[in-house]
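S.K.: Requesting a structural model of the entry that follows:
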Amino acid sequence: MRGCGRSPPAGQTLFRVEALARTLGVTKGGFYGHFSDRSALLAEMLDSWERMSTREVIERVEREGGDARVKLRKAGALTFSPERCCRSISPCRDWARRDPAVAKRLRRVDNQRMEYLRELFGTFCSDADDIEAGACWPSLC
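M.R.: From the prediction side, this is the model:
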C-alpha cells in the first residue's frame, strides 16, 4: 500500500482519512474497506515501518553475506542512507516525541538494530565499551 511508506512528519493530524483516501486514489468508503479506522491505518504504517527497518534489513544483510565488517557497511547503507533517514527515520522520531505508543515502537526498533550491531562488532572487537559505542552511534540518526 502506498500510504504505508509515509510517516506523519508533523504528527498524526496530517493523516486525515479524506486526504489519505484522495492520495491513494480511493473513496473514503474504499479506505474503510481496507482499514476499520484511522488508528488501524496508523498501526499498519508502524508495523510496516518496523518490519522494513529491522527484520527485512537484517535478513537481506545476512542473505547477501560477507564478514562482519561487510555486513556492518551493508546494514548502514540500507538503514541510514540519506533518502531513508529523511523519509522514514527522522519523521518517526519526530512522531515519537508526541506519541508514547510510537516512542515505545521506536525504542523496540532501536534495540533490535543495536543488538544486531553488537553481534557484528563482537565478532572482531573484544572491548565491551567499544562494542557498545559502535552499536549506539547509528541510533543517533
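
S.K.: from here on, contacts and neighbour counts on C-alpha atoms
M.R.: Fine.

S.K.: which helices and strands does the helix or strand hosting residue 95 pack with?
M.R.: Assigned by DSSP states H and E, residue 95 belongs to helix 90-98. Counting contacts by 3 or more CA pairs under 8 Å, 6 or more residues apart in numbering; DSSP states H and E, helix 90-98 packs against helix 100-122.

S.K.: what is the rounded mean pLDDT of the helix it packs on?
M.R.: Averaged across helix 100-122, pLDDT comes to 93.

S.K.: State the next helix or strand along the chain beyond it.
M.R.: Per DSSP H and E, the first helix or strand lying C-terminal to helix 100-122 is helix 128-136.

S.K.: Packing partners of that following helix?
M.R.: Packing partners of helix 128-136 (3+ CA pairs under 8 Å, 6+ apart): helix 100-122.

S.K.: The helix it packs on relative to helix 90-98, how many degrees between them?
M.R.: Interaxial angle of helix 100-122 relative to helix 90-98 (axes from the mean of the first three to the mean of the last three CA atoms, to 10 degrees): 130 degrees.

S.K.: Can you point out the buried residues in helix 100-122?
M.R.: For helix 100-122, burial by neighbour count (16 or more other CA atoms under 10 Å) applies to 102-103, 105-106, 109-114, 116-118, 120-122.

S.K.: For the helix holding residue 95, output the C-alpha coordinates as CSV.
M.R.: Coordinates of each C-alpha in helix 90-98 appear next as CSV, following Å, rounded to 0.1, in the frame of the first residue of the first chain:
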residue,chain,number,x,y,z
SER,A,90,13.5,11.2,11.2
PRO,A,91,9.7,11.6,10.8
CYS,A,92,9.1,8.6,13.1
ARG,A,93,11.4,10.0,15.7
ASP,A,94,9.5,13.3,15.5
TRP,A,95,6.2,11.5,15.8
ALA,A,96,7.5,9.5,18.8
ARG,A,97,8.1,12.8,20.6
ARG,A,98,4.3,13.3,20.7
